[in-house]
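Colleague: Sequence and predicted model, in that order:
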Amino acid sequence: MSLLNDRLDALRGPVPAKGHDARTLAALTTNPGCSRRALLDAAGIDKDAIAVHLGKPRPLAKSSLALRSGAIFEQQVKADGGAELLRLLREALHLPLPEAAHTDLANVGTQDASLQVRHAYTRTAILEAVRSASPARTLLDHPILQLTVASHPVYLEPDVVAFQIDGVFHIIEIKSFAVVDGQAGPAKVGAAVTQAAAYILALRELLENEGIDGGRVSHDVILVTPRNFTRRPTASIVDARKKIAALTRQLSRLTRVEPLLDALPAHTTFDLALNQDKRPTRDPKELAAALHTTTTRYMPACRHFCDLAYVCRSEARDEGLIDVLGSDIRDDLGGVDHIGTALRIADGTRTPADDQADLAAALRHAHAVRTQLRESA
Ligand code: SF4
């Protein structure tokens, strides 16, 4: 593992690794065929910093106002040692919980608050709760979990709380989108539950590594959101089994990182070469060339989840890849990778391969219709 870590460190350069969160993990599995993302994420590389240095940043996915409002809501829910959260849990789980031990792992009592150290504290706190002779009821605030992704451990920094009730852990996800009349946007709920599914898998992995039944982590996620249009929180229980199954399947398909590293030219690095003011000094052309040694699988949906989307889109456009037109068209034109090839088959300047006869007929028909329309316009 240390040799692998050394190789990943060399890719990243002398800066701390950027941790995963469940959102980036869900994104990683959304485009499992992309080697570039798999490599950069495994090395903990700041993709946003690369995109900015190359002059193609992704517009903010969320406004700073929305981010601030989300953080304020989370603080409100967790205030006073989790008193409000405890009230919600009593309601949601119908359990008599007079009090709970609240442990905030954001301050672990050491100067070294690295992900590794906070994960070690999280692991100890959870195992103590599992093995406690008394009926431990523990709120864990800011835990750091670890999940094995493509044979490589990644840290998850949930803003959620793991809670043990009578021997079963529950993942609590706090989101600031409103639930109106008991209903929330399905896309938002789906994204929140996918994140929580990653936490559930990580917590199960922690227990199973100690020979403890992973089934002690509930598949039910407790989703805490504002009620209606107020700031008053409400808790709902959401069954995450489908998301857990989908994420497990997607993670098992992810390519191992070592073969991707082996395929890179010797001495490849994505180091931005920061100066004393933490400004990148790396020649952007050289950095772009280094990125180009990795293979991508750009799709328009990348814009919703990957910081490199505008870099990869620009490359795909320059190369005239069909991928920029979306997965429906890519599937329709199966076997044709470039827009120019499709256009030449359509206008008859390129002879299609034997197995492209149907595709060529469809393209020529579309070309004829378009030509007719232009002539009659
Ligand atoms: S934007 Fe680029 S690096 Fe990110 S997932 Fe898409 S193709 Fe991969």
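Modeller: Looks like it came in fine.
Colleague: Verify the stated contact: Q164 with S132.
Modeller: No - counting by Cβ atoms under 8 Å, Q164 does not reach S132; the two are 9.0 Å apart. Glycine gets a C-beta too; all of them are placed from N, C-alpha and C.
Colleague: So between the two, which is more surrounded?
Modeller: Each of Q164 and S132 has its neighbours counted (other Cβ atoms under 10 Å); Q164 has more, 23 against 14.
Colleague: helix or strand for that one, which one?
Modeller: strand 161-165 (DSSP states H and E).
Colleague: For the residue of the stretch 1-150 of the chain found nearest the ligand, which non-adjacent residue is closest in space?
Modeller: Using Cβ to the nearest ligand atom, C34 is the residue of the stretch 1-150 of the chain that sits closest to the ligand, at 3.2 Å. Of all residues not flanking C34 in the chain, R297 sits nearest, at 4.6 Å (Cβ to Cβ, 6 or more residues apart in numbering).
Colleague: which SS state does that neighbour fall under?
Modeller: Under DSSP: H, G, I helix; E, B strand; the rest coil, the three-state class of R297 is coil.
Colleague: Enumerate every residue touching it.
Modeller: N31, G33, C34, D323 (Cβ atoms under 8 Å, 6 or more residues apart in numbering).
Colleague: likewise H119?
Modeller: Residues near H119 by Cβ under 8 Å, 6+ apart: I144, L145, Q146, Y155.
Colleague: Would you mind listing the buried residues in the strand or helix carrying it?
Modeller: In this assignment (DSSP H and E), H119 forms part of helix 115-131. Across helix 115-131, burial judged by 16 or more other Cβ atoms under 10 Å covers L115, V117, R118, H119, Y121, T122, R123, A125, I126, A129, V130.
Colleague: so after that helix, what's the next helix or strand?
Modeller: Using DSSP H and E, the first helix or strand after helix 115-131 is strand 138-141.
Colleague: May I have the strands that pair with the next helix or strand after that next one, each with its orientation?
Modeller: Once the chain leaves strand 138-141, the next helix or strand it forms, by DSSP H and E, is strand 145-149. Strand 145-149 pairs in its sheet with strand 152-156 (antiparallel), by DSSP bridges.
Colleague: re earlier: just give me the closest of the buried residues of helix 115-131 to E315.
Modeller: E315 lies nearest to L115 out of the buried residues of helix 115-131, by Cβ to Cβ, at 31.4 Å.
Colleague: check contacts around the closest one.
Modeller: Counted by Cβ under 8 Å, 6+ apart, L115 has contacts A17, G19, I144, Y155, E157.
Colleague: Quick check: closest non-adjacent residue to it.
Modeller: Spatial nearest neighbour of L115, excluding adjacent residues (Cβ to Cβ, 6+ apart): Y155 at 4.3 Å.
Colleague: Quick check: phi and psi on the residue nearest to C34?
Modeller: phi -140, psi 70 (degrees, to the nearest 10).
Colleague: Return the distance of it relative to R36.
Modeller: 9 Å (Cβ to Cβ, to the nearest Å).
Colleague: Find residues that contact each of the two.
Modeller: By Cβ under 8 Å, 6+ apart, no residue touches both R297 and R36.
Colleague: who does the helix or strand that contains Q75 touch, helix- and strand-wise?
Modeller: In this structure, Q75 is located in helix 64-93 according to DSSP H and E. Helix 64-93 is packed against strand 138-141, strand 161-165, strand 168-174, strand 217-226, strand 233-239, with contacts defined by 3 or more Cβ pairs under 8 Å, 6 or more residues apart in numbering; DSSP states H and E.
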